[in-house]
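Enquirer: Predicted structure and sequence below. I'll ask about it afterward.
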Amino acid sequence: YSIERGFVKEQTVTHRICETDKTVGIIKILEFDATTPDQFKAAIDELKANGAEKLIFDVRYNPGGNLTSICEILDFLVPEGPIIRIRDKDGNEETVDSDESEFNMPMAVLCNGSTASAAELFTSALMDYDKAISVGNVTYGKGSMQTTIPLTDGSGVKLTTKMYFPPFSEGYDGIGITPDIEIDMDESTEGISIYKITDAQDTQLQRAIRYFNEGK
């Protein structure tokens, strides 16, 4: 085989119109890396062009990712104010802030026990600003930041160096985030990949749609 070396751009965001409600656009974020913000904004534009009037962000099984990536996405979504509070071992705190522009549309976030780190910040920040309702299960509970210290032999040591917190609410490290609406997936979907479950079978998704339509 002849193989040409090249660059691979990872697709961290997928999107589609909901099968059971054509006014709902679904954006699944697999993780947060350098390419995620552009893919996220492009997904919103395309869904709006295709008739979406409400958005559901699916961060179930999202392990987190890059700080710059999640801050850029939250800056796009939330109004002026803090996005994340970062604290070192001495209690010194720094804040990353959003500008005054914000994205407005009815929104919901789907989360579960494998929603971790930056995906938890995404969930908690939207809750703090009352931008989205959260639906699903209590999240993983990782609110720490790691730094890799290079060693002379080319290896490195990765250490936890700071803790981070949502804009206004308490930290969730070791605790997780309790969603606004707690609901389990139906037992009939146990053992089935979430990528193979239909929208009609997805009880967490359907609960978010019910909230959009009924307000409860």
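Expert: Right, received. Where do you want to start? Numbering: from 1, shown residues only.

Enquirer: can you tell me the average pLDDT over the longest helix seen in the chain?
Expert: Ordering each helix of the chain by length in residues (DSSP state H) puts helix 36-49 first. Confidence for helix 36-49, expressed as mean pLDDT, is 98.

Enquirer: what element comes up after it heading to the C-terminus?
Expert: strand 54-58 (DSSP states H and E).

Enquirer: List the buried residues for the next helix-or-strand element following that next one?
Expert: Sequence order places helix 67-77 as the next helix or strand after strand 54-58, per DSSP H and E. Residues of helix 67-77 classed as buried by neighbour count (16 or more other Cβ atoms under 10 Å): 67, 69-77. Just so you know, the C-beta spots here come from the backbone N, C-alpha and C atoms, and that holds for glycine as well.

Enquirer: Which residues does helix 67-77 contact?
Expert: Residues from elsewhere that reach helix 67-77 (Cβ atoms under 8 Å, 6 or more residues apart in numbering): 32-34, 36-37, 40-41, 64, 83-84, 96, 98-99, 101-103, 107, 118, 121-122, 125-126, 131, 145.

Enquirer: In terms of secondary structure, what does the longest helix of the chain contact?
Expert: Here helix 36-49 touches strand 13-17, strand 24-29, helix 67-77, going by 3 or more Cβ pairs under 8 Å, 6 or more residues apart in numbering; DSSP states H and E.

Enquirer: now the worst-scoring helix or strand of the chain on mean pLDDT against helix 67-77, angle please.
Expert: Least confident helix or strand, the chain: strand 144-150 with a mean of 92, by mean pLDDT, DSSP states H and E. Interaxial angle, strand 144-150 versus helix 67-77 (axes from the mean of the first three to the mean of the last three Cα atoms, to 10 degrees): 140 degrees.

Enquirer: who does the helix or strand that strand 144-150 is followed by touch, helix- and strand-wise?
Expert: As assigned by DSSP H and E, the chain's next helix or strand after strand 144-150 is strand 156-165. Under the contact criterion of 3+ Cβ pairs under 8 Å, 6+ apart, strand 156-165 touches strand 81-88, strand 144-150.

Enquirer: Can you say which of these is packed in most?
Expert: strand 81-88 (a mean of 18; mean count of other Cβ atoms under 10 Å).

Enquirer: got a list of contacts for the next helix or strand after that one?
Expert: On the C-terminal side of strand 81-88, the closest following helix or strand by DSSP H and E is strand 93-98. Contacts with strand 93-98, where a contact means Cβ under 8 Å, 6+ apart, come from 71, 74-75, 78-87.

Enquirer: Listing partners with orientation, what would you give for strand 93-98?
Expert: Strands that pair with strand 93-98, judged by DSSP bridges, come out as strand 81-88 (antiparallel).

Enquirer: what angle separates the partner strand from strand 156-165?
Expert: Taking the same axes, to 10 degrees, one finds that strand 81-88 is oriented at 130 degrees with respect to strand 156-165.

Enquirer: contact partners of strand 81-88?
Expert: So strand 81-88 is in contact with 67, 70-71, 74-75, 93-98, 121, 125, 129, 145, 161-168, going by Cβ under 8 Å, 6+ apart.

Enquirer: can we see that at 10 Å?
Expert: 67, 70-75, 77, 92-100, 102, 118, 121, 124-125, 128-129, 143, 145, 161-168, 171 (Cβ atoms under 10 Å, 6 or more residues apart in numbering).
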